[in-house]
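[1] structure, please.
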Amino acid sequence: MNEIMGIHHVAVAVPDIELARQFYVDILGFEGGDIGGWEPGNEWIDNIVGLKDSAGRSFMCRAPNCFIEVFQYTSPEPSPQDPKRPVSEYGYTHFGMQVKDIQKVYERLREAGLEFHVAPDRMVTDADGKRVGFSATYGRDYFGNVFEIMEIREGASVKPL
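    Numbers count the residues shown, from 1 in each chain. This next block holds a predicted model:
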């Protein structure tokens, strides 16, 4: 009897909400993204997030199977972000997106100014020239937050959506 129904959303804090919205909505194509916010003194939010006198702006957008919630805190003032934070550090390291054509998505995101740790590996093909297995790479949004794009093909040990 599992009471957990699934993952609803992943959240990320950023220093620039408008640029984050451009990434998630305009570039990745997620739906929604209306920016809202709250002022200091909202006890209900302070209790949930565990901060005193918090304030910020946020939006929620929908990927095909999950939501992304994005925050820009204005109070308390966040510490500077390390745009090259190693993925080996404790805490959430990245979110992964399954794509249909990794090379096409990789090139489109590079054209939008996003950086990747490495280009996606070459496509593995079987004797008939059909792509098999999977290909993946990590990229970083405009603030250094890590995301993964991966193409899962027939014969991969990773299960597709």
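[2] what are the structural domain limits within the chain?
    Each domain of the chain is listed here as a residue range: 8-77, 91-161, per automatic domain parsing.
[3] okay, those in a markdown table with mean pLDDT and mean neighbour count next?
    Quick note: C-beta positions are derived from backbone N, CA and C, even for glycine. Formatted as a markdown table, the domains of the chain follow (pLDDT from 0 to 100; neighbours: other Cβ atoms under 10 Å):
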| stretch | mean pLDDT | mean neighbour count |
| --- | --- | --- |
| domain 8-77 | 95 | 15 |
| domain 91-161 | 84 | 15 |
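[4] got CSV for the ones you listed, with distance to residue 2 too?
    Listed next are the domains of the chain as CSV, based on distance: least, Cβ to Cβ, whole Å:
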stretch, distance to residue 2
domain 8-77, 15
domain 91-161, 18
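[5] without its sequence neighbours, what residue ends up closest to residue 148?
    What sits nearest to residue 148 in space, not counting adjacent residues and going by Cβ to Cβ, 6 or more residues apart in numbering, is residue 96, at 4.0 Å.
[6] helices or strands next to the strand or helix carrying the one you found in the packing?
    According to DSSP states H and E, residue 96 maps onto strand 95-98. Packing partners of strand 95-98 (3 or more Cβ pairs under 8 Å, 6 or more residues apart in numbering; DSSP states H and E): strand 146-152.
[7] residues contacting the strand it packs on, please?
    With Cβ atoms under 8 Å, 6 or more residues apart in numbering as the contact definition, strand 146-152 has outside contacts at 85, 87, 93-102, 105-106, 109, 120, 131, 134-141, 158-160.
[8] and that strand, which strands flank it?
    Strands that pair with strand 146-152, judged by DSSP bridges, come out as strand 95-98 (parallel), strand 134-140 (antiparallel).
[9] which stretches of this protein form strands?
    For the chain, the strands defined by DSSP state E cover 9-13, 31-32, 36-38, 55-62, 67-75, 95-98, 115-116, 124-125, 131-132, 134-140, 146-152.
[10] nice, that's everything, thank you.
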